[in-house]
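Enquirer: I would like to see how this sequence folds:
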Amino acid sequence: MTAAQAEQVLAIYRFGIDGGDATFETAAPSWEAFDAARLAEHRLVALDGHGDGDGHGRVLGWAAVARVSDRCAYAGVVEHSVYVHPEARGRGVGAALLEALIASTERAGIWTIQSGIFPENTASLALHARAGFRVVGTRERIGRRDGRWRDVVLLERRSPTVG
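Expert: Residues are numbered from 1 along each chain as shown. Have a look, this model is predicted:
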């Protein structure tokens with residue numbers, strides 16, 4: 001994921017935001033804020049393959065991680081996001097991104113990937129289950145979105161090789 005792809009990445013994020021079941025966010029951040037909040041070594045994009053061979057082309061989806069804490073005890077724990085363009089959904093883009101993200105974090109010694117997903121986002125819950133994530137529990141009424149209390153299903157994937 002590069003600054004040259006920022007516009008497409010943030011547009012896909014806005015699709016997720018506008019759908020109402022992907023995040024508590026109500027507006028996409030600036031590229032600078034997005035870039036600063038996510039670890040550079042674990043930011044991925046899926047491209048349509050019609051580019052010029054050096055990372056250009058239409059972005060079909062993206063995945064990224066952020067630290068959950070600056071405390072050293074949590075150095076190997078990240079929270080991740082996966083977003084897929086609506087026109088690319090159901091084509092394996094999310095699964096490919098998640099698989100690549102897992103490989104990237106494993107190589108870096110990260111032992112836990114976690115995420116909070118709205119229970120209504122059944123496609124994302126199924127994707128994560130197929131990738132080896134387990135449900136830790138449901139955080140009831142954890143936050144409000146558009147004036148409505150929302151639950152979040154907390155998922156995690158523990159590395160079988162790190163730790």
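Enquirer: okay, helices next: where are they in this protein?
Expert: 6-19, 31-37, 93-107, 122-130 (DSSP state H).
Enquirer: buried ones in the second one?
Expert: In other words, helix 31-37. Residues of helix 31-37 classed as buried by neighbour count (16 or more other CB atoms under 10 Å): Phe34, Asp35. The way it works is simple: take the backbone N, C-alpha and C, and place the C-beta from them, glycine included.
Enquirer: quick check: closest non-adjacent residue to Gly61.
Expert: Of all residues not flanking Gly61 in the chain, Val84 sits nearest, at 3.8 Å (CB to CB, 6 or more residues apart in numbering).
Enquirer: and the pLDDT at the one you found?
Expert: You'll see Val84 listed with a pLDDT of 97.
Enquirer: picking up where we left off before, right, and the helices of the chain - which one's nearest Arg145?
Expert: helix 6-19 (9.8 Å; CB to CB).
Enquirer: shouldn't Val20 be in contact with Arg148?
Expert: You called it Val, but residue 20 is Gly. No: here Gly20 lies out of contact with Arg148, judged by CB atoms under 8 Å, at a distance of 9.5 Å.
Enquirer: the two - which one has more neighbours?
Expert: Shown here are Gly20 and Arg148; by other CB atoms under 10 Å, Gly20 has more neighbours (15 against 9).
Enquirer: so what pLDDT did the more buried one get?
Expert: At Gly20, pLDDT is 89.
Enquirer: tell me who's in contact with it.
Expert: Arg145, Asp146 (CB atoms under 8 Å, 6 or more residues apart in numbering).
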